[in-house]
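[1] Give me a 3D structure for the following:
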Amino acid sequence: MVGLAIVSVLMNRLLLQPFIRKRTDLFGLLIVTFAFGLIVQNVLQAIFGPNFQSYVYSPSSSVNALGMIFTVNQLIIVVLAVVAMLLVHVLLRYTKLGKAMRAMADDAALARACGIKVGRITDLAWLISGALAGLAGFVLVLNTATFSPATGQGFLLVIVAATILGGVGRPYGAMLGALVVGLVTELSATVLPPEDKSVSAFVILVVVLLRSRAGGRSICSVGRCPGRCRFSSPASPARSWRSWSV
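    Model prediction:
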């Protein structure tokens, strides 16, 4: 987790910041990150080969809960997910760092003018996101015994669908979007072949994009979401933001 967090910060500074300084739009940055992901994937494939790698661990026992059967590893994954969501919530709602992140998400220029150190907050945000990505990798290890350099590619569509559904730049919306997409994807396996269940995520993505073009909003619209990004009152935005300086 620590190593991936550091790599995440370096990726932002060395790869994304030059494009941001050139005022590249969000779609352009998305293409850059996809391209970087493909480069990393092919480098790993050249080093370790295209074959699946496996590891051996002792099988965990099963637990009956709420009429369902879970393995101990699956319960650990659920607990880690809940704890991670709670920690992110506490960070965003009750710490100066979280408030500064939310201010920057709303208006980075105004946040900088109010004394928030935008560069430092950006680095910390990437550090946290890299650590969370490392935690996701650990969860994946708990849930599977084989992997390859292309393993993460299968999650790309689901992640994009959850992000678009919840609203870009809205962490609470991303949490809710991930929950909705995950439930729909798994439940669709009752009517679709298991290998095709990710199609439901694609359907959600298309529907949300069509709805947004028709003037709709994500499930985490500003003004209705507990994690909304507009915090300052119209009368005195600067005064309310100054207390968030980090």
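[2] going forward, measure contacts between C-alpha atoms and count neighbours the same way
    Noted.
[3] hey, which helix or strand in this structure has the poorest pLDDT?
    helix 237-242 (a mean of 43; mean pLDDT, DSSP states H and E).
[4] So which elements touch the helix with the most length in the chain?
    For the chain, the helix reaching the highest residue count under DSSP state H is reported as helix 118-143. With contacts defined as 3 or more CA pairs under 8 Å, 6 or more residues apart in numbering; DSSP states H and E, helix 118-143 has these neighbours: helix 2-11, helix 72-94, helix 96-106, helix 108-113.
[5] Tell me which residues of it come out buried.
    118, 121-136, 139-140 (16 or more other CA atoms under 10 Å).
[6] residues contacting the closest residue to Ser129 other than its chain neighbours?
    Leaving aside its sequence neighbours, Ser129 sits nearest to Ala5 (CA to CA, 6 or more residues apart in numbering; 7.0 Å). Applying CA atoms under 8 Å, 6 or more residues apart in numbering to Ala5 gives the contacts Trp126, Leu127, Ile128, Ser129, Gly130, Ala131, Ala133, Gly134.
[7] avg pLDDT for the longest helix of the chain?
    Helix 118-143 shows a mean pLDDT of 88.
[8] Give me the next element, helix or strand, following it.
    The element immediately downstream of helix 118-143 (helix or strand, assigned by DSSP states H and E) is strand 146-147.
[9] That next one - which strands sit beside it in the sheet, and in what orientation?
    strand 53-54 (antiparallel) (DSSP bridges).
[10] Pull the residues that contact the strand it pairs with.
    Ala145, Thr146, Phe147, Ser148.
[11] Filter these down to the buried ones, PyMOL style.
    Buried members of the contacts of strand 53-54, defined by 16+ other CA under 10 Å, are picked up in PyMOL with:
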select buried, resi 148
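[12] Reformat the contacts of strand 53-54 into TSV and put distance to Val181 next to each item.
    Converted to TSV, these look like this (distance: CA to CA, whole Å):
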residue	distance to Val181
Ala145	24
Thr146	24
Phe147	23
Ser148	24
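[13] Comparing the helices and strands packed on helix 118-143, which stretch has the densest surroundings?
    Comparing the helices and strands packed on helix 118-143 by mean neighbour count (mean count of other CA atoms under 10 Å), helix 96-106 ranks first with a mean of 20.
[14] for the record, mean pLDDT for that helix?
    The pLDDT scores in helix 96-106 average 87.
[15] which secondary structure elements does it contact?
    By 3+ CA pairs under 8 Å, 6+ apart, helix 96-106 packs against helix 72-94, helix 108-113, helix 118-143.
[16] For that helix, list the C-alpha coordinates in CSV.
    Output of helix 96-106 as CSV, limited to C-alpha atoms (Å, rounded to 0.1, in the frame of the first residue of the first chain):
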residue,chain,number,x,y,z
LYS,A,96,-9.2,20.2,7.7
LEU,A,97,-7.6,18.1,5.0
GLY,A,98,-11.0,16.7,3.9
LYS,A,99,-12.6,20.1,3.9
ALA,A,100,-9.7,21.5,1.8
MET,A,101,-10.2,18.6,-0.7
ARG,A,102,-13.9,19.4,-1.0
ALA,A,103,-13.2,23.1,-1.5
MET,A,104,-10.7,22.3,-4.2
ALA,A,105,-13.2,20.0,-5.9
ASP,A,106,-15.6,22.9,-6.0
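[17] how much distance is there from that helix to the middle of the chain?
    17 Å (CA atoms, centre = their mean, to the nearest Å).
[18] quick revisit: okay, angle between the longest helix of the chain and helix 96-106 too, please.
    100 degrees (axes from the mean of the first three to the mean of the last three CA atoms, to 10 degrees).
[19] Report the angle between helix 118-143 and helix 2-11.
    Using the same axes, to 10 degrees: helix 118-143 against helix 2-11 is 140 degrees.
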